[in-house]
Each structure stands twice: as structure tokens, then as C-alpha cells.
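S.K.: pasted the sequence and its predicted model underneath.
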Amino acid sequence: MDDVLAKAREYQDDVQVRAKAHELSAEWHRWRGEVLGNATTIVSGIVGSAIFLTVSSQLGLGKDRFSWAATGWALVVAVIVCFLSVLAPVLSGLNGRINDSNQAATHRMSAHDYAGLKRQLDNFLLDYSDLNSSPERREEALKKLEAISQRLDAVRPDLTLTDLAIGRAKKELGRT
């Protein structure tokens, strides 16, 4: 029975690390999504305003006319506007492609599933910690542990964790 309990403790440790790593990953994706979304909004607003002012100036709606042959501050402004006009669609495309909000939600669901597995393993260890080595009791424990193992394998196998996320989780759990 010691081997069964040792395997359950091994699963328990792995599940706890994965739950924490998914929590950290969810938070990271949420944060990156906010930063990228805010940057996209700000840059798009600046570009839109700059283009409006430039067109207004070219149409004679402003006091001064904008010239590409400008020097000094006018040239700096023109270069910044050009850079931002390229950056705005790039940020917008990245924000849509990376899909941080869905990644964060998926990591949160996985963290929830792993937390449920940890509770199930905690209960398993409490139920079978008496070290009663009768064949029936051992067989029952093995069946329950196999069911937990199958559930563990089924938790979002398509969602991977980086070594960085696992390392951070182990550090926060004091396992490094």
C-alpha cells in the first residue's frame, strides 16, 4: 500500500504545481491582453488625431501648412506619425491574433480542474492512509487512483505550460 500512497502523493504534488502554474499563466495573459489592448487604443487615437491634423493643415484648415520638406520639429512629428501609423495596425493585429482573454479563461478553467483533482487526491490520501494492506483494500485504492490518473490525463491536454510558468509555480509553492 505504501507504493500506492507514494504515487498518490506524486500526483498530488504535480497537480498542485500545475494548478498554480495555470493560475499564474491566466494572470499573465490577462495582464498582457490589457497592456496590448491599451497600447493599441492609445496609438490608434494618436495616429487618427495626427492624420486628421495633417489633412486639415494640407487642406488649409489650420494656420500653418505641413510640408514633407520640413525640418526640425516638423520633421520629428512627421517621422513619429509615420511610425505610429505603421505601429497601430501591427498592435491591432497582434491583439486579435494572440487572443489573451481566451488564453486567460482557458488557463483559469484548467487551474480549477487541477484544484478539484487536488481535493480528490487529498481525500484519497485521507481514506487510504491507514496502511491497511488487505488485498481488497489495495485493489480498491488502485482502482480509485487509476480513475484519478485518467481524469488527470484528460485535463486540457492541448493546453501547454511553459517551463517558466512551472518554475514560477514551484517557487511560489516553495518547491525549488
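M.R.: Looks like it arrived, so ask away.

S.K.: C-alpha only now, for contacts and for neighbours.
M.R.: Noted.

S.K.: for A8, give its distance to S134.
M.R.: 18 Å (Cα to Cα, to the nearest Å).

S.K.: ok, now W28?
M.R.: Relative to S134, W28 is positioned 48 Å away (criterion: Cα to Cα).

S.K.: mean confidence (pLDDT) on the helix or strand harbouring E34, please.
M.R.: According to DSSP states H and E, E34 maps onto helix 2-58. On average, the pLDDT along helix 2-58 is 82.

S.K.: helix 2-58 and the helix or strand just after that helix, what's the angle between them?
M.R.: Per DSSP H and E, the first helix or strand lying C-terminal to helix 2-58 is helix 73-98. Using axes from the mean of the first three to the mean of the last three Cα atoms, to 10 degrees, the inter-axis angle of helix 73-98 relative to helix 2-58 is 140 degrees.

S.K.: what mean pLDDT does the helix or strand following helix 73-98 get?
M.R.: Per DSSP H and E, the first helix or strand lying C-terminal to helix 73-98 is helix 100-128. Helix 100-128 shows a mean pLDDT of 88.

S.K.: returning to what we had before: who has more neighbours out of W28 and S134?
M.R.: The neighbour comparison of W28 against S134 (other Cα atoms under 10 Å) goes to W28, with 16 against 9.

S.K.: now do the contacts for the more buried one.
M.R.: With contacts defined as Cα atoms under 8 Å, 6 or more residues apart in numbering, W28 is in contact with A104.

S.K.: check what pLDDT K63 gets.
M.R.: You'll see K63 listed with a pLDDT of 53.

S.K.: can you check S149 too?
M.R.: Residue-level pLDDT assigned to S149 equals 90.

S.K.: what does K143 give?
M.R.: K143 is given a pLDDT of 91.

S.K.: ditto for A69
M.R.: In this prediction A69 is given a pLDDT of 53.

S.K.: so what's the residue count around L152?
M.R.: When counting by other Cα under 10 Å, one arrives at 18 neighbours for L152.

S.K.: output the helix or strand containing it as PDB, nothing but the C-alphas.
M.R.: Assigned by DSSP H and E, L152 belongs to helix 135-154. What follows is helix 135-154, C-alpha atoms only, in PDB (Å, rounded to 0.1, in the frame of the first residue of the first chain):
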ATOM      1  CA  PRO A 135      -5.700  -7.200  -0.900                       C
ATOM      2  CA  GLU A 136      -9.300  -5.900  -1.200                       C
ATOM      3  CA  ARG A 137      -8.400  -2.500   0.200                       C
ATOM      4  CA  ARG A 138      -5.300  -2.300  -2.000                       C
ATOM      5  CA  GLU A 139      -7.400  -3.200  -5.100                       C
ATOM      6  CA  GLU A 140     -10.000  -0.600  -4.300                       C
ATOM      7  CA  ALA A 141      -7.300   2.100  -3.800                       C
ATOM      8  CA  LEU A 142      -5.600   1.100  -7.100                       C
ATOM      9  CA  LYS A 143      -9.000   1.500  -9.000                       C
ATOM     10  CA  LYS A 144      -9.600   4.900  -7.400                       C
ATOM     11  CA  LEU A 145      -6.100   6.100  -8.100                       C
ATOM     12  CA  GLU A 146      -6.400   4.900 -11.800                       C
ATOM     13  CA  ALA A 147      -9.700   6.900 -12.100                       C
ATOM     14  CA  ILE A 148      -7.900   9.900 -10.800                       C
ATOM     15  CA  SER A 149      -5.000   9.300 -13.100                       C
ATOM     16  CA  GLN A 150      -7.300   9.200 -16.100                       C
ATOM     17  CA  ARG A 151      -9.000  12.400 -15.000                       C
ATOM     18  CA  LEU A 152      -5.600  14.000 -14.700                       C
ATOM     19  CA  ASP A 153      -4.700  13.000 -18.200                       C
ATOM     20  CA  ALA A 154      -7.900  14.400 -19.500                       C
END
